[in-house]
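1. kindly return the folded structure for what I paste below:
(2 chains)
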Number of protein chains: 2
Amino acid sequence: MRSPEANAELALLLEVAGTPKPGNVDRHRDLPDLRFEHFLAGAVGARDGLELAANGAAVGTAFEQAVSGMASQKGGNTQFGALLLLVPLVRAARKEASQPVVEAVVRETTVGDAAAFYRAFEHVDVAVSDPPAGMAALDVRRGAAAIPALEERKLTLFDVMDRSVPGDDVAREWVRGFRRSFTAAERLAAADGSVLDRTAAVFLSLLAERPDTLVTTRHDEATAREVTDRAADLSEDDALESHRAAVETFADDLVDRGINPGTTADITAAGLFIALENEGLEL
Amino acid sequence: MRSPEANAELALLLEVAGTPKPGNVDRHRDLPDLRFEHFLAGAVGARDGLELAANGAAVGTAFEQAVSGMASQKGGNTQFGALLLLVPLVRAARKEASQPVVEAVVRETTVGDAAAFYRAFEHVDVAVSDPPAGMAALDVRRGAAAIPALEERKLTLFDVMDRSVPGDDVAREWVRGFRRSFTAAERLAAADGSVLDRTAAVFLSLLAERPDTLVTTRHDEATAREVTDRAADLSEDDALESHRAAVETFADDLVDRGINPGTTADITAAGLFIALENEGLEL
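-> Got it, this is the predicted structure:
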């Protein structure tokens, strides 16, 4: 049986290998400066931090270590959001990879975890939107400089995530019991075909449901909505089975336009971990 | 900086991702029962054994653990030969990933290392040829049952490798100071293009030089020679640059015929590790 840290690393690798995964790096597509091999190296680099989580380290400590290791490749940010989901899930898997357990893990995070989360931003450039009114002192782009403000307001990492919704669907997973991640795991288990085909199908189904928040951050709401509408049409038609070429065209089009639904990929990786951990996927 | 165990795992991942890699699973090709994701899982599974080697465990112990972890996926043998090269290289990298150091590592192996090597065959089916005359008691396919014969003859793992040449070019690396692995690393460092393009070019150059011993074992000498001759023609013409389609056709043809030059892939993985460890590859 694979350890939780091994399953989490494998989830990152399967996620990037799943194809077609419209707009993102996948088995058959690179972006101009962010290539498949950067994701391989990012997953390998994250392993030590994931192992810390599996050994019971604090969520913030394990996350900062995972991000620091992930960032030890030259492509830039590959898996920051995925790790923000995987670290608490791995921590939960010490007991059980279930919604109630991971919900307890994130609700028990501390101000110290929040400080480590802010330090993690110093290891890599992450695309984020401007903070809401009254939160400028807590802009994550300030990195460790924001820690005094965090401490003054006594904000835990859960509190920080809570304040990042709406506008960040990774944070939304934290406050909504990782609902979409567990749904993704169920779909992966129920789908047909190879693990990588299932990954592509589940990615498309998630993209069809909600506009990707990374697309909104980097482009705008209308673009994110357009992408979701196209994904919904293809997903409804079961296009991966019946008109695979249409999905491949969609994938190429998004890559050409530089539109990367990264948040949807993060949730797909979280779903892969849950499915591997709970024996919903044979590999 | 990446740890030796992380570099070794990454080498396994980059090796399988390199494309086109005629006859083998690569970023764009699966075999009927052995798919890309099995190699991803094999690499992740090997990590704990590689870490043992990096921490100074005996070569046999680390190798058996790496193989056992690698085999925890349903595709069968993915990286047995590559691990037989990587484990002593990782052990050497504690001091230096150089030819003299790895040569000392393999020459200092014991009868206990040989016993662990035989036990490793119980974790996975490996394609091997019949043992030479007088060696039936030491047929690796006997697994642990062969250990008393090993102990009676006081054979170390180095001795076992020495007796496996000719006919096994992984064993040949052990007795010839890992010469082709270090040559592969030099070529990877000197090549142009992305890491995965370099991997494909170096694989082809190695295949062009010597008939692959796994092809000889599974098919015959003539088939292995034919493959090498075709690889030599393509490599001389620098076909990956100028006629990439010809290499892709060659790759598809070998996959269709079930001809997998696995030993050449093993040496490519070893070269990737050395290049990563000695900063010959930027990633």
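2. chain B contacts on the stretch 1-150 of chain A?
-> A:1-3, A:6, A:9-10, A:13-14, A:17, A:27-28, A:35-38, A:40-41, A:44-45, A:47-48, A:69, A:72-74 (CB under 8 Å from any CB of the partner chain). C-beta here means a position set from N, CA and C on the backbone, and glycine is covered the same way.
3. which ones among those residues lie within helices?
-> Judged by DSSP state H, helices contain the following of the residues of the stretch 1-150 of chain A next to chain B: A:6, A:9-10, A:13-14, A:17, A:36-38, A:40-41, A:44-45, A:47-48, A:69.
4. most neighbours out of those, which is it?
-> Counting neighbours by other CB atoms under 10 Å in any protein chain shown, residue A:44 leads these with 31 neighbours.
5. list the contacts for it?
-> For residue A:44, the contact set (CB atoms under 8 Å, 6 or more residues apart in numbering or on different chains) comprises A:9, B:2, B:6, B:9-10, B:13.
6. make JSON lines out of those and add pLDDT and distance to residue A:181.
-> Listed next are those as JSON lines, based on pLDDT from 0 to 100; distance: CB to CB, whole Å:
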{"residue": "A:9", "pLDDT": "98", "distance to residue A:181": "17"}
{"residue": "B:2", "pLDDT": "94", "distance to residue A:181": "29"}
{"residue": "B:6", "pLDDT": "98", "distance to residue A:181": "26"}
{"residue": "B:9", "pLDDT": "98", "distance to residue A:181": "25"}
{"residue": "B:10", "pLDDT": "98", "distance to residue A:181": "27"}
{"residue": "B:13", "pLDDT": "98", "distance to residue A:181": "24"}
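7. nearest to residue A:254, of those?
-> Distance to residue A:254, by CB to CB, is smallest for residue B:13 among these, at 25.3 Å.
8. what sits against the closest one?
-> A:13, A:40, A:44, B:39-40, B:43.
9. give me the pLDDT for residue A:239.
-> pLDDT for residue A:239: 82.
10. same check, this time on residue A:83
-> 98.
11. what's the burial count for it?
-> The tally of other residues near residue A:83 (other CB under 10 Å) stands at 32.
12. hang on, it in a helix?
-> Yes: counting by DSSP: H, G, I helix; E, B strand; the rest coil, one finds residue A:83 located in a helix.
13. which element is the closest residue to it other than its chain neighbours on?
-> With sequence-adjacent residues excluded and distances taken as CB to CB, 6 or more residues apart in numbering or on different chains, residue A:83 is closest to residue A:66, at 4.7 Å. Remark: residue A:66 resides in helix A:59-70, with elements defined by DSSP states H and E.
14. any idea of the mean pLDDT in that helix?
-> Here the average pLDDT along helix A:59-70 is 98.
15. check which helices and strands it is in contact with.
-> helix A:36-54, helix A:80-93, helix A:111-120 (3 or more CB pairs under 8 Å, 6 or more residues apart in numbering or on different chains; DSSP states H and E).
16. out of those helices, deepest packed?
-> helix A:80-93 (a mean of 29; mean count of other CB atoms under 10 Å in any protein chain shown).
17. which SSE is immediately downstream of that helix?
-> From helix A:80-93 onward toward the C-terminus, using DSSP H and E, the following helix or strand is helix A:99-107.
18. please state the offset of that next one from the chain centre?
-> Centre-to-centre, helix A:99-107 and its host chain are 17 Å apart (CA atoms, centre = their mean, to the nearest Å).
19. please enumerate the helices of the stretch 101-250 of chain A.
-> A:111-120, A:147-153, A:157-163, A:169-175, A:179-190, A:195-209, A:213-218, A:221-236, A:239-242, A:244-257 (DSSP state H, counting those that start in this stretch).
20. and residue A:275, how many residues sit next to it?
-> Neighbours of residue A:275 (other CB under 10 Å): 31.
21. over to the one 3 residues further on?
-> By other CB under 10 Å, 17 other residues sit near residue A:278.
22. hmm, it is touching residue A:182, no?
-> No: between residue A:278 and residue A:182 there is no contact under CB atoms under 8 Å: 9.6 Å.
23. looking at chain A, which helix or strand is least sure?
-> For chain A, the helix or strand with the lowest mean confidence is helix A:239-242, at a mean of 85 (criterion: mean pLDDT, DSSP states H and E).
24. that helix - contacts with which helices or strands?
-> The elements that helix A:239-242 packs onto, with contact taken as 3+ CB pairs under 8 Å, 6+ apart, are helix A:195-209, helix A:244-257.
25. next helix or strand past the shortest one?
-> Read it as helix A:244-257. helix A:262-277.
26. quick one: average pLDDT of that following helix?
-> On average, helix A:262-277 scores 98.
27. residues of that helix that come out buried?
-> By neighbour count on 16 or more other CB atoms under 10 Å in any protein chain shown, the buried set for helix A:262-277 is A:262-277.
28. tilt between it and helix A:4-17?
-> In terms of direction (axes from the mean of the first three to the mean of the last three CA atoms, to 10 degrees), helix A:262-277 departs from helix A:4-17 by 130 degrees.
29. could you list every helix and strand in contact with helix A:262-277?
-> helix A:4-17, helix A:80-93, helix A:169-175, helix A:179-190, helix A:195-209, helix A:213-218.
30. ok now that helix, how far from the chain's centre?
-> On CA atoms, centre = their mean, the centre of helix A:262-277 falls 7 Å from the chain's centre.
31. what about residue A:173, distance to chain B?
-> 24 Å (CB to the nearest CB, to the nearest Å).
32. swap in residue A:70?
-> 11 Å.
33. swap in residue A:259?
-> The gap separating residue A:259 from chain B is 23 Å, by CB to the nearest CB.
34. go on, residue A:256?
-> From residue A:256 to chain B the distance is 19 Å (CB to the nearest CB).
35. quick one: contacts for that residue?
-> Counting by CB under 8 Å, 6+ apart, residue A:256 makes contact with nothing.
36. do residue A:267 as well
-> Here residue A:267 is in contact with A:85, A:169-170, A:173, A:180-181, A:184, A:206 (criterion: CB under 8 Å, 6+ apart).
37. against residue B:74, how distant is whichever residue of the stretch 101-250 of chain A sits closest to chain B?
-> Relative to chain B, the nearest point of the stretch 101-250 of chain A is residue A:195 (5.1 Å; CB to the nearest CB). Noted for residue A:195: a distance of 10 Å to residue B:74, by CB to CB, to the nearest Å.
38. the two: who's more crowded?
-> The neighbour comparison of residue A:195 against residue B:74 (other CB under 10 Å) goes to residue A:195, with 24 against 13.
39. return the residues in contact with the more buried one.
-> For residue A:195, counting by CB under 8 Å, 6+ apart, the contacting residues are A:14, A:188, A:281-283, B:37.
40. tell me the pLDDT of it.
-> pLDDT, read off for residue A:195, is 97.
41. what do you get for residue A:1?
-> 82.
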